[in-house]
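[1] model this:
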Amino acid sequence: MLSMKKAEMVRFNISPDEDSSSYSSNSDFNYSYPTKQAALKSHYADVDPENQNFLLESNLGKKKYETDFHPGTTSFGMSVFNLSNAIVGSGILGLSYAMANTGIALFIILLTFVSIFSLYSVHLLLKTANEGGSLLYEQLGHKAFGMVGKLAASGSITMQNIGAMSSYLFIVKYELPLVIKALMNIEDTNGLWYLNGDYLVLLVSLVLILPLSLLRNLGYLGYTSGLSLLCMMFFLIVVICKKFQIPCPMEVSLLLNETVNSTFLPSYLAQNMSMTEGDSCRPRYFIFNSQTVYAVPILTFSFVCHPAVLPIYEELKSRSRRRMMNVSKISFFAMFLMYLLAALFGYLTFYEHVESELLHTYSSVLGADILLLVVRLAVLVAVTLTVPVVIFPIRSSITHLLCAAKDFSWWRHSVITVSILAFTNLLVIFVPTIRDIFGFIGASAAAMLIFILPSAFYIKLVKKESMRSVQKIGALLFLMSGVVVMIGSMALIVLDWVHNASAGGH
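    Numbers count the residues shown, from 1 in each chain. Predicted structure coming up:
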């Protein structure tokens, strides 16, 4: 997502929940802070140890309440802000497209269910973390299912992050040529390499992203999460305002096929008002077509924040599971409203003509609109600075899995970084649309992180509840629903790809 947060990189191992609060004043339970000498080796080889807190080696076999812990220092309000940053991302740009292919009513139903399910999975994850004695997603997987669980968690997080990186670079591919065209006032784009999105993605990756990604400590880049959220809020305000400035009916397909100067747009529309009277400007509430299958994956992609939940929980001041759930409820409700407004006003502006990336739809229609130009520039800066932040946990996870016992090597560090960035660039160049990235990652990695892994870890690690308890039965049903969503969505998306390929669509 557009804000793969600093919290995702700084991961911690243990914290007490509300059940342990009664022990804090008990003389039988004396907590002390772990020292550097007693600290375990970092799970991530290239994360600064000064920024982490570790379990003591002697405590690995003990219960959670007997383990030393790092007290949280982040306020409730800042935790809400951090989790909101972790939720909101590039997925917001695809929500209007999802609504255009589901209808308003069906979209709201799906958005409600996905947000509730995501919140429920946070509940499962927090409870599992406390029972399992770890605040590291991969370590929970290892405790639950050994190396298979660790690989499943690490692989899902890596896929999700690569999907997020790809979506950011797709924004560069779509929007940077339009920004350059507007700033240089170029009308004829034929043969100009610097207006080719593929070339610009490679150039930005080599000149800006790669040098920043090679740093061992990204430091200030973690704060781009705040910039990302501000950019998306600005984008939402612009979407709402433009709804009342762009008249309907608008035959976007004609505007995309003809060079229409934005100065003459009102008169052009006035001449063509009769062309799209009727269904074009009438909102629809239930729609089923070949693109409807992308709605759930886009929504799940938009709500993935689970790798960041545990670090935010670790840093929460006066933390308890109940307090963290209140943080989650406020964050999810705020993002629910933000997503709903962005999708609704984007859809009510363009109706069935919405593209898979909403900002590009405005760019195509309004051309060199100053307000949109500012939005595009802000989003481009945010995504460019966020890509190195997303590379960081991917590289760390790969380093830990392949060569955890080895000392740091600049050569290995550089090769892994270049390989990740090269693979992502190939995806962006050869995958036709951002919709395919949203769809595939949402149906696979996002479904794993929201539905399958939290419920599977909960069933395995929470021993105090029997399999016949309401909680375990609910987790089992949640797991089964996740498998159905993942397999069903992936099958339908692949069928759509095959159909489009046979029809010459891809």
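
[2] Mind naming the longest helix for this structure?
    helix 137-184 (DSSP state H).

[3] immediately after that one, which helix or strand?
    Downstream of helix 137-184, the next assigned helix or strand under DSSP states H and E is helix 197-204.

[4] could you check the angle helix 137-184 makes with that next one?
    Going by axes from the mean of the first three to the mean of the last three Cα atoms, to 10 degrees, helix 197-204 is angled at 110 degrees with respect to helix 137-184.

[5] residues near P71, how many?
    P71: 15 surrounding residues under other Cβ atoms under 10 Å. Bear in mind the C-beta positions are built from the backbone N, C-alpha and C, glycine included.

[6] mind checking pLDDT for it?
    According to the predicted model, the pLDDT of P71 comes to 72.

[7] low pLDDT regions in the stretch 401-506 of the chain?
    404, 503-506 (pLDDT under 70).

[8] Verify the stated contact: F145 with I459.
    No - applying Cβ atoms under 8 Å as the test, F145 and I459 come out as separate, 10.7 Å apart.

[9] okay, and the common contacts of those two?
    Residues touching both F145 and I459 by Cβ atoms under 8 Å, 6 or more residues apart in numbering: none at all.

[10] pLDDT at T158, what is it?
    What the model reports for T158 is a pLDDT of 89.

[11] Same check on A45?
    Reading off the model, A45 has pLDDT 35.

[12] again with I312
    Per-residue pLDDT puts I312 at 88.

[13] Can you give me the neighbour number for it?
    By other Cβ under 10 Å, 28 other residues sit near I312.

[14] Now do the contacts for it.
    I312 makes contacts with 7, 74, 79, 82-83, 86, 324, 327, as judged by Cβ under 8 Å, 6+ apart.

[15] just the angle between the host helix or strand of it and helix 137-184, please?
    The secondary structure element spanning I312 is helix 306-315 (assigned by DSSP H and E). Note on geometry: by the same axes, to 10 degrees, helix 306-315 and helix 137-184 are set 110 degrees apart in direction.

[16] so where is the chain shaky, pLDDT-wise?
    Applying pLDDT under 70 to the chain picks out residues 1-70, 188-190, 217-225, 249-279, 364, 366-368, 404, 503-506.

[17] if I read this right, V172 contacts L200, doesn't it?
    Yes - the pair V172 / L200 is scored as a contact, 6.5 Å apart, by Cβ under 8 Å.

[18] Of those two, give the one with the bigger neighbour count.
    Residue environment comparison for V172 versus L200 gives the larger neighbour count to V172, 24 against 20, counting by other Cβ under 10 Å.

[19] just the helices in the stretch 201-350 of the chain please.
    Assigned helices in the stretch 201-350 of the chain, in chain order: 210-213, 224-243, 252-257, 265-271, 295-303, 306-315, 321-350 (criterion: DSSP state H, counting those that start in this stretch).

[20] What are the buried residues along the second one?
    In this case it means helix 224-243. The neighbour-count check on helix 224-243 (16 or more other Cβ atoms under 10 Å) flags 224-229, 231-232, 235-236, 238-240, 242-243 as buried.

[21] repeat for the longest one
    Of the residues in helix 321-350, those buried by neighbour count under the rule 16+ other Cβ under 10 Å are 321, 323-325, 327-328, 330-332, 334-336, 338-340, 342-350.

[22] just the first one next, same as before
    Neighbour-count burial for helix 210-213, counted by 16+ other Cβ under 10 Å, picks out 210, 213.

[23] Any chance you could give me it in CSV, C-alpha atoms only?
    Output for helix 210-213, consisting of C-alpha atoms alone and laid out as CSV, is shown next (Å, rounded to 0.1, in the frame of the first residue of the first chain):
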residue,chain,number,x,y,z
LEU,A,210,17.8,2.6,-6.2
PRO,A,211,20.3,5.0,-4.4
LEU,A,212,17.8,5.4,-1.5
SER,A,213,17.0,1.7,-1.4
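
[24] Tell me how far it lies from the chain's centre.
    Taking Cα atoms, centre = their mean, to the nearest Å, one finds the center of helix 210-213 at 21 Å from the center of the full chain.

[25] again with the longest one
    On the basis of Cα atoms, centre = their mean, helix 321-350 is displaced by 14 Å from the centre of the chain it belongs to.

[26] tell me what whatever helix or strand comes next after it is packed against?
    The element immediately downstream of helix 321-350 (helix or strand, assigned by DSSP H and E) is helix 358-366. For helix 358-366, the elements it packs on are helix 95-100, helix 137-184, helix 224-243, helix 252-257, helix 321-350, helix 370-403, judged by 3 or more Cβ pairs under 8 Å, 6 or more residues apart in numbering; DSSP states H and E.

[27] relative to helix 370-403, how tilted is helix 358-366?
    Compare the direction of helix 358-366 with that of helix 370-403 by the same axes, to 10 degrees and you get 150 degrees.

[28] which residues touch helix 358-366?
    By Cβ under 8 Å, 6+ apart, the residues outside helix 358-366 that reach it are 93-97, 171, 174-175, 178, 235, 238-239, 242, 246, 250, 252, 255-256, 262, 265, 342, 346, 350, 353-355, 369, 372, 375-376, 379.
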